[in-house]
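> everything below, folded, please.
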Amino acid sequence: MSRRRLVSIALALGLVGAAAEARVVRVTIDRRESVLAGKPFGLAGAYETLVGTVELALDPALRQNQAVVDLGLAPRNERGEVAFTADLFILKPVELRRGNGRVYYEVPNRGGKGILRRLQYAEGSLDPRQPADFGDGWLMEQGFSLAWMGWQWDVPERPGLLRLRAPIATDGGRPIEGLVRSVVIVGEKKGEAPLADASHFAYPPVDPTGRDSRLYVRDHRLDPPRLLPRKSWRFAGTSTVALDGGFEPGRIYEVVYRSRDPRVAGCGFAATRDLISFFKNDTGPQNPLAGVTLAVGHGISQSGRFLRHFLHQGFNEDEQGRRVFDGVFVEVAGAGRGSFNHRFAQASRDGHQHWNVHYPTDVFPFADRPGTDPESGETAGLLDQALASGTAPKLFHVVTAYEYWNRAASLMHTDPTGTSDAALPDTSRTYFIASAQHGPGALPPTEGGTNGNDGLYPTNPNDFRPAIRALVHALDGWVAQGDEPPPNRYPRIGDGTLAPPEGAGWPSLPGVRFPLVRNEPARVDYGPDWARGVIALEPPRLGSVFPALVPAVDADGNDRAGIRLPEVAAPLASQTGWNWRHPRVGAPDALVAYRGSYLPFAWTKAEREANGDPRLSVEERYRGREDYLGRVALSAVALVRERFLLPQDVPFVLERAAAHWDGRRASVSGVPAPSR
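I've put the predicted structure just below:
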């Protein structure tokens, strides 16, 4: 018998006594290897990589599992449990006792790994092995164990992506059918388009030739959908749809059809809960992180919405009533949740002003504390269940300007009518990174309509990773030592820093259109069965919108409130969280997904006056490069005092500012910037 088989049997036997408590049935490690040939990471010493599989089981009758939609319809094993597996990836100190006793768990965004790039300035890899894949080792030098587990069943087949093999719901063994809606928006005219989002697996149509399938089109997200003739389109295989004459760029097409065999997608919530509880509470040799006592969860964008949904549905309480995550870091998720826990859920779908419209991602409630929807009369808050069970974590919501324009972030801290500020619970903090787009930007900015930028204007280069690192450090101190974090920093109605777009104070810039559109979530009717997680009405019926507000700006067009990083405090441009769709990709009156804008100042006073630009030129602001870098340094020092920047990241900020100046100077003079 192989050694691996013996290890698996030993782990299984070791778990027999604990199976009723730790819903992790077995952990199988298929690969164990040293990180960078044993290189030490601070006092934590050498790290190792563990890659394997987690086997889990859920009792559908247990109160803590009742929120998993269709769990009671999934096949059961001899113990009456629903069993499934998920991929696991761990980076841990070889000698775990040398670590800090905490696991830093990232909910994978579409199966990937993001925190090494975000928090360690790494290159980013699905299977980190090279020095560049670990960056500066910041988390590892602090002694964290890092972990990832798959929670989506539909991620693409790509080496290194983590998936969960979710069970299929049936009606007493008979297949279940239901409605699926696929939104299709293309950036160039195409005869065919995929049914799934972002290369994920699609639910196939039951009958590709069935006349009950429908294709709708609309030009704007709140327009009534217009039905296209059935003879004008067809399914091309099980995952593609074709339209006579082709799909027009920028138009919103919605394919509605019947599919079968829905995955029990909400198992991803329960699996995450049970894995973290297992890490923290199982003391046996089968736990690769035995001895860890605290857990912090981090989610970026989609996976940040996952964590908001996770908390809202009570999954931070484990099966024994204990708190799961002690701290939660929700990054760039805005006010939404996700298509994560209903029948025929499509986890990759999100919601923007003109992308993936009307999925159940932006639904009431939005704020941590209870508010009342004046139309439905419902009173609810995101954290109601966690607060009631005493399992609310220390919670950071971190958003950029993009989330206010495209993810309705203002609803996180206003009442549902958008007319007054709402208080946060003592366990929550909200931080706004001013004048930044959805993800960290890069220099030089990418010109509009080129190299993957579907926006009209160049991309926003604001690299806000240093602020994220400082906030992670603050959350860890709050969780581990009880150190009070920095006070909330976000725009408010009361002080005039949060406003409708027409009141945001945008300067009149020649040739620049300031948007009045933004993503305002509509009240959506998915049919009479939505309360039990079943969508019976597609496309859904739309009601009135929840008003979303945006950050007010200064005379330069940069956000007034929030954490103003040095490149915003000592600006060379207007940097925004919005960008128009480029005409070549269609719908030029709508906002492009994920991108912000970079609108540079004139370099000289003469150029500014010739262009009619009201913003001061670079030469009117700074005496030269050294003066500019000096102001950047003063801003950085102030942020260190406020704990929004770590001292060790000041050189990173200064080097980047120098590159920013040199790049702008080179673009003006035509002389290449110095190499670095």
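> what segments of the protein are helices?
For the chain, the helices defined by DSSP state H occupy 3-16, 115-120, 131-134, 138-141, 267-281, 302-312, 384-389, 401-406, 465-481, 566-569, 605-611, 618-621, 625-641, 650-669.
> contact partners for residue 147?
Applying Cβ atoms under 8 Å, 6 or more residues apart in numbering, we find residue 147 in contact with 88-91, 103-106, 275, 279, 289. (C-beta placed from N, C-alpha, C; glycine too.)
> which ones among those lie within strands?
The strands, defined by DSSP state E, take in 88-91, 103-106 from these.
> weakest of the helices of the chain in terms of mean pLDDT?
Among those, helix 3-16 carries the lowest mean pLDDT, at a mean of 40.
> show me where pLDDT drops low in the stretch 1-150 of the chain?
Along the stretch 1-150 of the chain, the model assigns pLDDT under 70 to residues 1-22.
> try 90 this time
1-23, 124 (pLDDT under 90).
> for the stretch 201-350 of the chain, same thing?
The low-confidence ranges in the stretch 201-350 of the chain, as defined by pLDDT under 90, are 210-212, 237, 284-285.
> OK, contacts around the closest residue to residue 559 other than its chain neighbours?
Sequence neighbours aside, residue 434 is the residue nearest to residue 559 in space, at 3.7 Å (criterion: Cβ to Cβ, 6 or more residues apart in numbering). With contacts defined as Cβ under 8 Å, 6+ apart, residue 434 is in contact with 401, 551, 558-565, 568.
> try it again with 10 Å
Shown in contact with residue 434 (Cβ atoms under 10 Å, 6 or more residues apart in numbering): 400-401, 462, 464, 467, 489-491, 497, 551, 553-554, 558-565, 568-569, 575, 577.
> coming back round to it: show me the one of the helices of the chain that comes nearest residue 65.
Among the helices of the chain, the nearest to residue 65 by Cβ to Cβ is helix 267-281 (6.1 Å).
> that closest one vs helix 302-312, what angle?
Taking axes from the mean of the first three to the mean of the last three Cα atoms, to 10 degrees, one finds that helix 267-281 is oriented at 80 degrees with respect to helix 302-312.
> start the count at 673 instead of 1 going forward.
Understood, numbering begins at 673; the last thing we discussed is helix 939-953.
> by contact count, what packs against helix 939-953?
Identification of packing neighbours for helix 939-953 by 3 or more Cβ pairs under 10 Å, 6 or more residues apart in numbering; DSSP states H and E yields strand 696-706, strand 719-730, strand 754-765, strand 774-778, strand 817-821, strand 836-837, strand 966-972, helix 974-984.
> distance to residue 1185 for the ones you listed - can I get that in a markdown table?
Formatted as a markdown table, the helices and strands packed on helix 939-953 follow (distance: least, Cβ to Cβ, whole Å):
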| stretch | distance to residue 1185 |
| --- | --- |
| strand 696-706 | 52 |
| strand 719-730 | 49 |
| strand 754-765 | 45 |
| strand 774-778 | 38 |
| strand 817-821 | 41 |
| strand 836-837 | 43 |
| strand 966-972 | 30 |
| helix 974-984 | 29 |
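> tell me, what's the model's pLDDT at the residue nearest to residue 1236 when sequence neighbours are not counted?
Spatial nearest neighbour of residue 1236, chain neighbours left out: residue 1106 (4.7 Å); criterion: Cβ to Cβ, 6+ apart. Per-residue confidence for residue 1106 comes out at a pLDDT of 98.
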